[in-house]
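S.K.: My questions concern the predicted model and sequence given below.
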Amino acid sequence: MKITSAEFVMSNSEVAKCPKESLPEYAFIGRSNVGKSSLINMLVDRKSLAKTSGRPGKTQLINHFKINKNWFLVDLPGYGYARVSKKDKKTFQKYITAYFEKRKQLVCAFVLVDIRHEPQPIDLEFMEWLGTHGVPFAIIFTKADKLKPKAIQRHVTDYLQVLLDTVWEEAPTYFVTSSTNRTGKEDLLSFINDINLQ
Ligand code: GDP
């Protein structure tokens, strides 16, 4: 898929106020600092559509971007940032939960995980929550440039095995990406394009 347009539409915390259009929607979520903003910018070929920052936990809202005038890319806040207060964590949980439970246009949630890290309980719990709520998701491994090819394969296999050893009967779809090397972009865009064409 070639990206011909990418426009910021709105920031929201309430799912009820999200765009009314029933375009297919793809959400990006993961722990703070996982590389979500960099990945979104790489995908849509913009330097700063999603704001990257050295300060994790900054994107607080549900951000809708309209891509090629026919689908929405949704940038959700990073979770698991230790310096966020308990109250903020609760608010986050409330509106993100509502988004996933109510947003009928949502086609797939992309859960981003840093390819270098062991599976983190917060990510595993989140994927389990998505599963029990019937939300389709795929994993995006980020920062693959930090590992050698053999290590990439090993980390991915080990990660998927942990999922299979816990609650999952089959491994989810996954993508290996690096915003630094600009890899994984075509696979991800083709995946989205194929679903949109169905
Ligand atoms: P976010 O908090 O999840 O939106 O993460 P950012 O996109 O702001 O990235 C967090 C940090 O990771 C920044 O210092 C980025 O430069 C770095 N980063 C993001 N993507 C990559 C990547 O693919 N490779 C490497 N090596 N670093 C990355």
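M.R.: Right, received. Where do you want to start? No experiment lies behind these values; they were computed from the predicted model shown.
S.K.: Let me see the confidence value for the nearest residue to Ala6 once chain neighbours are set aside.
M.R.: Among residues not flanking Ala6 along the chain, Val44 sits closest, at 4.1 Å (Cβ to Cβ, 6 or more residues apart in numbering). (Each C-beta comes from the backbone N, C-alpha and C, glycine too.) Here, the pLDDT recorded for Val44 equals 93.
S.K.: Count the neighbours of Val44 for me.
M.R.: 19 (other Cβ atoms under 10 Å).
S.K.: ok, so what distance separates it from Lys86?
M.R.: 34 Å (Cβ to Cβ, to the nearest Å).
S.K.: avg pLDDT for the strand or helix carrying Lys89?
M.R.: Element membership for Lys89, per DSSP states H and E: helix 86-102. Across helix 86-102, the average pLDDT comes to 85.
S.K.: list the helices and strands that helix packs on?
M.R.: On a contact count with 3 or more Cβ pairs under 8 Å, 6 or more residues apart in numbering; DSSP states H and E, helix 86-102 meets strand 25-30, strand 62-67, strand 106-114.
S.K.: Averaging pLDDT over each of those, report the lowest-scoring one.
M.R.: strand 62-67 (a mean of 93).
S.K.: OK, contacts around Asp194?
M.R.: Taking Cβ atoms under 8 Å, 6 or more residues apart in numbering, we find Asp194 in contact with no residue.
S.K.: hmm, the helix or strand where it lies in reach of the ligand?
M.R.: If you go by DSSP H and E, Asp194 is part of helix 185-197. No - using Cβ under 6 Å from any ligand atom, helix 185-197 never reaches the ligand; the gap is at least 11.0 Å.
S.K.: Buried ones in that helix, by neighbour count?
M.R.: Of all the residues in helix 185-197, those buried under the rule 16 or more other Cβ atoms under 10 Å are 185, 188-189, 191-192, 196.
S.K.: Of the residues you listed, just say which sits nearest to the ligand.
M.R.: Using Cβ to the nearest ligand atom, Lys185 comes nearest to the ligand of those, at 11.0 Å.
S.K.: my read: that closest one touches Met42, true?
M.R.: Yes - using Cβ atoms under 8 Å, Lys185 is in contact with Met42, at 5.8 Å.
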